[in-house]
Each structure stands twice: as structure tokens, then as C-alpha cells.
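build me a model:
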Amino acid sequence: MKNSITEIMLREHKRIDAMIEEVEKTLPDFEKARQIFNKFKWNLEKHFFVEEKVIFSAYSSTTSNESEDIFTILKEHKDILWSMKKIEQSLSKNLQPNFSNIKKDLKDHVNFEDRIFYPRLDEELDDNLKEVMIDRAKEVIKE
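Just a heads-up that it's a prediction; the model follows:
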């Protein structure tokens, strides 16, 4: 799996999971939680950018199932961003946010991508296209 789309995105998913945990651990220090949450939000938005602009735009699905998978992932992004907005609103009012929805949504989203979607891309795409996608992803995702 060296130098694969799956490998890069798996590392990124683990980093994002660690950030949301860090936000939770800082509470009730709302000032620090807001700072860490802003970093988390920025990194998650970059992650979604990589998926939507780099990976999805370079990948032309060949079956209706694959197209459906992309639409599902895009809907999940929208749902996760909505949950983030709710957390941001709570933090701005110094209220304890509810992390359960975003954590569940992220877990479901990540499981599908890590187990099914990205391994399929690594298997189906030619090496040149994968290399272009990986290089572009690395430009946005700084580890």
C-alpha cells in the first residue's frame, strides 16, 4: 500500500480523528477548545477539498454504483459540515457542544472510504493517474 491513495487518506483520517478528540479533551477551557476546533475545522475542510477537487475530479466513475458512492460521500461531507457548524455555535457561546453526531458521521464516513472507496481507486486507476492524485493531495495535506 506504499504510495497509495488509501495510505495517504488513512493517515489523514487518523489525524482528523485525533484533532476532534483533542477539542473534546480541552473542555471546559472554551478559549483553547475554540482554537483547537478552528485548526480541526481548517484541516477537515482541506481534507474535503482534496477528496472533492483532487480525487473526485480526476476520477471518472465507470458504474452507477461508483457514481452513487461519490454522491453519498458528498452528502456525508455536507452533514459533517453542518455538525461542525453546530459545534462552532456552541463553543462561541461557551456551551458544551454535542460531539456524538460528528463523531458517528466521521466514523461511518471514514470506514466506507478506508475499506471500500480508496482501495478500489488504488486497484482500478492506472499508476499515472494515481501519481497525479497523490501529488496534488500532498500539496494540500501537510503532514
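
low-confidence ranges, the chain, go.
When residues are selected by pLDDT under 70, those of the chain lie in 1-2, 58-66, 143.

so who does the residue positioned nearest the centre of it touch?
In the chain, the residue lying closest to the centroid (C-alpha atoms, centre = their mean) is residue 47, at 4.8 Å. By C-beta atoms under 8 Å, 6 or more residues apart in numbering, residue 47 lies in contact with 12, 16, 141. C-beta coordinates here come from the backbone N, C-alpha and C atoms, glycine included.

how about the helices in this protein?
With helices called from DSSP state H, the chain shows them at 5-26, 30-49, 56-58, 64-92, 100-112, 118-124, 127-140.

buried stuff in the second one?
Spelled out, that is helix 30-49. Along helix 30-49, these residues count as buried under the neighbour rule (16 or more other C-beta atoms under 10 Å): 30, 33, 34, 36, 37, 40, 41, 43, 44, 46, 47, 48.

what does the fourth one give?
By neighbour count, and taking 16+ other C-beta under 10 Å as the criterion, the buried residues in helix 64-92 are 66, 69, 70, 73, 76, 77, 80, 83, 84, 87, 90, 91.

show me which of the residues you listed is closest to residue 26.
residue 91 (10.2 Å; C-beta to C-beta).

how about a markdown table for the buried residues of helix 30-49, with distance to residue 55 added?
What follows is the buried residues of helix 30-49, written out as a markdown table (distance: C-beta to C-beta, whole Å):
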| residue | distance to residue 55 |
| --- | --- |
| 30 | 35 |
| 33 | 31 |
| 34 | 30 |
| 36 | 27 |
| 37 | 25 |
| 40 | 21 |
| 41 | 20 |
| 43 | 17 |
| 44 | 15 |
| 46 | 13 |
| 47 | 11 |
| 48 | 10 |
